[in-house]
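Peer 1: Need a 3D model of the following:
(chains A and B)
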2 protein chains.
Amino acid sequence: MKRISKEDLDGWNDDRKRARFINCLSGIKSCFLVGTCNASKQTNLAIFSSIFHLGANPSLMGLIVRPNVSSRHTFENIKMMGFYSLNLLPYQNHQQGHQTSARYSLEQSEFLETGFSEEWTEDGPVPFVKESQVKWLMKYIRTVDIPENGTHMVIGEVQCVYLPDDLIESDGSLTISQTDPALVTGLDCYHQVRKGIRYSYAKPGKDLTKI
Amino acid sequence: MKRISKEDLDGWNDDRKRARFINCLSGIKSCFLVGTCNASKQTNLAIFSSIFHLGANPSLMGLIVRPNVSSRHTFENIKMMGFYSLNLLPYQNHQQGHQTSARYSLEQSEFLETGFSEEWTEDGPVPFVKESQVKWLMKYIRTVDIPENGTHMVIGEVQCVYLPDDLIESDGSLTISQTDPALVTGLDCYHQVRKGIRYSYAKPGKDLTKI
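Peer 2: Residues are numbered from 1 along each chain as shown, chains lettered A, B, ... in the order given. Next comes the predicted model:
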């Protein structure tokens, strides 16, 4: 067992090495493509792995935006239009998804540059990703600034979800793994996930059963 | 393709059905065991899947605490002691991990009740999980309250990391999947992950290469 202290990490000369280490430490995460546009319908698509559940009533999710060029376009578009789309990245499209993280200029759309297809609905003013099987419209609620490092937590509310009919179980659960979604370690290592096993609600002193 | 609107979700009579649906929507996530104790060394262990990267310099992570009994013990301990441990849940221990979500009383330690072993270090005043291969000490920084639903975002800083020596690549990346970590969809469906493939840093107009 190796021990790496805060002092050890601070002593690493290479900032990117520390960034890789800390990014990997937070575990293996789902990949989402965030679809946005500005008022001129100039579209933007960016890969994010820091999207998390904030609550089901109201249905809120958080998204961490870092102070770099690529995610700044996304952030500005979200605030301008008040809406954004979240699209689960299919594993078969993970190379295209990774490519959306390149620093394209504001005039270049990552949809066109990386080969994803725009999909527009009547429900909101932002583009979805046609290749994604599970996607939904988010309404921008507000931003929480994190002054420690200049990042922002964007809070949004789920508006409208599109997904295959056979993914929804009668109790509301979704068998997401059935769509073969891409997962990521750190910023560049992509994984497939195996089918899962469900367990009963845990109670003290009671054995779990498989559902 | 099925379309489920906010109005459809609001119309579901069963709150737990909506909670399952929205919890599953945020994708497949890594499972962490959060180890804490109070000033009397009464220990607590709780499973969380909403832990996310906030930045690498300083090394910050967020953790969403929901306003329920189980996570309230964790939250109170974190604020009391100023430290907590994050322990990646091994897939082989996923049933025990799920069992930590049962509503044990304050006097019961989930370590004892679910069969995990406490591990104490000289680095901090809180227990780690012996069965976890990748674990680290977190220092409590501050809480961001989310008034929309009474949840809290706990911000902490990575202090000291313990992990197998052969997990760290020369560029700082961690091959987390090598430890066979547990992943979860929603609140009750546990998965294994396959080995990943790494890609080069994405640049506009440049083909990706495998690392």
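Peer 1: Just the element for A:L86, please.
Peer 2: strand A:83-88 (DSSP states H and E).
Peer 1: whoops, I mixed them up, A:H98
Peer 2: A:H98 is part of helix A:94-99, with elements assigned from DSSP H and E.
Peer 1: residues of that helix that come out buried?
Peer 2: Applying a neighbour-count criterion of 16 or more other CB atoms under 10 Å in any protein chain shown, the buried positions in helix A:94-99 are A:94-99. No exception for glycine: its C-beta is placed from N, CA and C like everyone else's.
Peer 1: and those residues near chain B, which?
Peer 2: Contacts with chain B are made by A:95, A:98-99 out of those, judged by CB under 8 Å from any CB of the partner chain.
Peer 1: a markdown table please, covering those and showing pLDDT.
Peer 2: Supplementary listing: those in a markdown table, determined by pLDDT from 0 to 100:
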| residue | pLDDT |
| --- | --- |
| A:Q95 | 97 |
| A:H98 | 97 |
| A:Q99 | 96 |
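Peer 1: which of those residues lies closest to A:D166?
Peer 2: Closest approach between these and A:D166, by CB to CB: A:Q95, at 27.2 Å.
Peer 1: Now do A:E118 against chain B, distance only.
Peer 2: A:E118 sits 16 Å away from chain B when distances are taken as CB to the nearest CB, to the nearest Å.
Peer 1: Now do the residue lying closest to that residue once chain neighbours are set aside: how many residues are near it, please.
Peer 2: With CB to CB, 6 or more residues apart in numbering or on different chains as the measure, A:P127 is the residue that lies nearest to A:E118, at 4.3 Å, once sequence neighbours are left out. The burial metric for A:P127, expressed as a neighbour count using other CB atoms under 10 Å in any protein chain shown, is 24.
Peer 1: And A:D123, by the same measure?
Peer 2: Counted by other CB under 10 Å, the residues lying close to A:D123 total 17.
Peer 1: That one: what's it in contact with?
Peer 2: Each residue near A:D123 by CB atoms under 8 Å, 6 or more residues apart in numbering or on different chains is listed here: A:137, A:159-160, B:5.
Peer 1: how does it look with 10 Å?
Peer 2: A:83, A:85, A:136-137, A:159-160, A:162, B:3, B:5-6 (CB atoms under 10 Å, 6 or more residues apart in numbering or on different chains).
Peer 1: Please flag which of those sit within strands.
Peer 2: A:83, A:85, A:136-137, A:159-160, A:162, B:3, B:5 (DSSP state E).
Peer 1: just the helices in chain A please.
Peer 2: Per DSSP state H, chain A has helices spanning A:6-11, A:15-25, A:69-81, A:94-99, A:110-114. These are given in chain order.
Peer 1: my guess is A:G156 contacts A:L137, does it?
Peer 2: Yes - the pair formed by A:G156 and A:L137 meets the contact definition of CB atoms under 10 Å, at 9.3 Å.
Peer 1: Give me the residue at the spatial middle of chain A.
Peer 2: In chain A, the C-alpha nearest the mean C-alpha coordinate belongs to A:F32, at 3.2 Å (CA atoms, centre = their mean).
Peer 1: any idea how far it lies from B:M138?
Peer 2: Spatial separation of A:F32 from B:M138 under the definition CB to CB, to the nearest Å is 25 Å.
Peer 1: Also A:P127?
Peer 2: In this view, A:P127 and B:M138 are 38 Å apart by CB to CB.
Peer 1: what does A:N149 give?
Peer 2: Taken as CB to CB, the spacing of A:N149 relative to B:M138 amounts to 16 Å.
Peer 1: of the two, who's got more company?
Peer 2: Here A:N149 and B:M138 are compared on neighbour count by other CB under 10 Å; more neighbours surround B:M138, at 27 against 14.
Peer 1: quick one: the more buried one and chain A, what's the gap?
Peer 2: The gap separating B:M138 from chain A is 11 Å, by CB to the nearest CB.
Peer 1: now the worst-scoring helix or strand of chain A on mean pLDDT, how far from the chain's geometric center?
Peer 2: Across the helices and strands of chain A, mean confidence by mean pLDDT, DSSP states H and E is lowest for helix A:69-81: a mean of 88. Offset of helix A:69-81 from its chain centre (CA atoms, centre = their mean, to the nearest Å): 15 Å.
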